[in-house]
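Colleague: I would like the atomic coordinates for the input below:
(one chain, ligands or ions: 2)
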Amino acid sequence: MGDIDPAFIQSTEHRPKAKVVEVCEIPVIDLSEGRKELLISQIGKACEEWGFFQVINHGVPFEISREVEIEAKKFFEMSLEEKKKLKRDEFNAMGYHDGEHTKNVRDWKEVFDYLVENTAEVPSSHEPNDMDLRILTNQWPQNSPRFRETLQEYAREVEKLAYKLLELISLSLGLDAEKFHGCFMNQLSMVRLNYYPTCPFPDLALGVGRHKDSSALTVLAQDDVGGLQVKRKSDGEWIPVKPTPNAFIINVGDIVQVWSNDKYESVEHRVVVNTERERFSIPFFFSPAHYVIVKPAEELVNEQNPARYREYNYGKFFANRNRSDFKKRDVENIQIYHFRILD
Ligand SMILES: O=C(O)CCC(=O)C(=O)O
Ligand SMILES: [Fe+2]
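Modeller: Numbers count the residues shown, from 1 in each chain. Ligands and ions are numbered 1, 2, ... in the order given. So this is what the prediction gives:
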């Protein structure tokens with residue numbers, strides 16, 4: 001490859017530094033810990049201090065994770081022509097995509113997205129008064145039943161883990177374990193296969209630009225290459241998340257930030273690429289149904305601690321994001337702070 005397409009170039013302030021210190025500060029939490037109170041406090045502390053943690057002994061069978069990795073690799077090795085048969089578009093956001101923009105700069109990656117439920121209703125448009133709905137549907141490659149079966153099985157397993165984590169997070173906030181479970185009936189949760197090819201310009205481009213996840217929480221599997229960086233809350237430094245074998249990385253998404261009324265923050269993260277090794281990662285975005293109204297939990301709001309967010313409709317937020325993920329636009333896409341009530 002010769003010159004870099006300018007669409008990929010990050011502005012100077014957002015370019016990755018050539019040298020990053022290899023530190024592993026993100027807490028690692030053992031979910032097989034039998035003392036539940038201890039587990040809840042570890043999770044609460046990690047959510048407060050980092051918005052990120054890793055889990056081990058999480059119950060997702062290793063073989064399933066391994067098989068998904070193999071299927072993901074095979075998928076992205078297919079010709080562009082084959083992959084483009086499953087291309088996602090403005091009407092159906094599920095399938096293959098290689099032109100995603102984060103904050104209006106193109107990401108150095110290819111993705112394949114699928115819903116945990118095979119279909120899901122979403123608003124037809126981001127316009128607040130447009131009540132029309134449409135159906136998103138998974139797109140699967142033909143002649144590859146194994147791909148579909150493996151990915152669906154994986155989604156079911158990770159979903160179980162996501163519910164378990166949501167319970168622990170709710171308990172850590174002093175809320176009922178199942179306080180938010182109802183929001184995930186008709187969920188919009190999806191799994192993304194991320195493929196980051198090697199990049200001849202790793203100092204200019206990013207695999208994914210800095211962003212916060214709009215999910216309630218994200219359960220991410222990464223391979224052993226590394227590249228994910230988290231913005232440390234204490235000083236704004238970008239801290240690499242060192243790959244831990246058989247661990248999942250969990251991060252608080254925008255929805256938990258709002259539900260917790262800012263006790264937990266959806267922290268910015270990004271992915272750096274490199275010249276030597278391609279990388280795969282698989283996030284599961286645990287997200288509610290389109291009709292869910294997201295607002296701070298009433299138990300956490302009082303006169304001393306008033307609600308810090310206006311309520312919003314998750315489906316409209318999703319539709320808005322989706323619109324701007326596709327092409328470079330002149331304005332910043334929708335962000336959770338747009339709903340913040342200013343003091
Ligand atoms: O690849 C990764 O490690 C993280 C990807 C990510 O943040 C995302 O897809 O939202
Ligand atoms: Fe993310």
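Colleague: tally of neighbours for the single nearest residue of the stretch 101-250 of the chain relative to ligand 1?
Modeller: Closest contact between the stretch 101-250 of the chain and ligand 1, by CB to the nearest ligand atom, is at Leu228 (3.6 Å). (C-beta placed from N, C-alpha, C; glycine too.) Leu228: 25 surrounding residues under other CB atoms under 10 Å.
Colleague: for it, which non-adjacent residue is closest in space?
Modeller: Val241 (4.5 Å; CB to CB, 6 or more residues apart in numbering).
Colleague: Glu67 versus that neighbour, what's the distance?
Modeller: Val241 is 23 Å from Glu67, where distance means CB to CB, to the nearest Å.
Colleague: picking up where we left off before, can you report phi and psi for the residue of the stretch 101-250 of the chain closest to ligand 1?
Modeller: phi -70, psi 130 (degrees, to the nearest 10).
Colleague: how near is the nearest residue to Ser124 once chain neighbours are set aside to Phe339?
Modeller: Spatial nearest neighbour of Ser124, chain neighbours left out: Asp132 (3.8 Å); criterion: CB to CB, 6+ apart. Plainly put, Asp132 is 23 Å away from Phe339 if you go by CB to CB.
Colleague: quick one on the thing from earlier: isn't the residue of the stretch 101-250 of the chain closest to ligand 1 right next to Val271, touching?
Modeller: Yes. Contact criterion CB atoms under 8 Å: Leu228 and Val271 qualify, at 5.6 Å.
Colleague: would you mark the buried spots in stretch 91-108?
Modeller: Neighbour counts over stretch 91-108 (16 or more other CB atoms under 10 Å) mark 92-103, 105-108 as buried.
Colleague: which element, helix or strand, includes the residue lying closest to Arg232 once chain neighbours are set aside?
Modeller: Nearest residue to Arg232 in three dimensions, chain neighbours excluded: Ile239, at 5.0 Å (CB to CB, 6+ apart). Assigned by DSSP states H and E, Ile239 falls within strand 238-240.
Colleague: Phe180 touches Ser170, doesn't it?
Modeller: Yes. Assessed by CB under 8 Å, Phe180 is found in contact with Ser170 at 6.3 Å.
Colleague: pLDDT on stretch 266-275, on average?
Modeller: The average pLDDT for stretch 266-275 rounds to 97.
Colleague: could I get that stretch in CSV with only the CA atoms?
Modeller: The C-alpha coordinates for stretch 266-275 follow below in CSV (Å, rounded to 0.1, in the frame of the first residue of the first chain):
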residue,chain,number,x,y,z
SER,A,266,-18.7,4.9,30.5
VAL,A,267,-15.0,5.4,29.8
GLU,A,268,-13.4,6.3,26.5
HIS,A,269,-11.3,3.7,24.8
ARG,A,270,-9.7,3.2,21.4
VAL,A,271,-7.7,0.6,19.5
VAL,A,272,-4.2,1.1,18.1
VAL,A,273,-3.0,-1.0,15.2
ASN,A,274,0.4,-2.1,14.2
THR,A,275,2.6,-3.1,11.2
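Colleague: which positions in the stretch 101-250 of the chain make contact with ligand 1?
Modeller: Residues of the stretch 101-250 of the chain lying near ligand 1 by CB under 6 Å from any ligand atom: 192, 194, 208, 213, 220, 222, 228.
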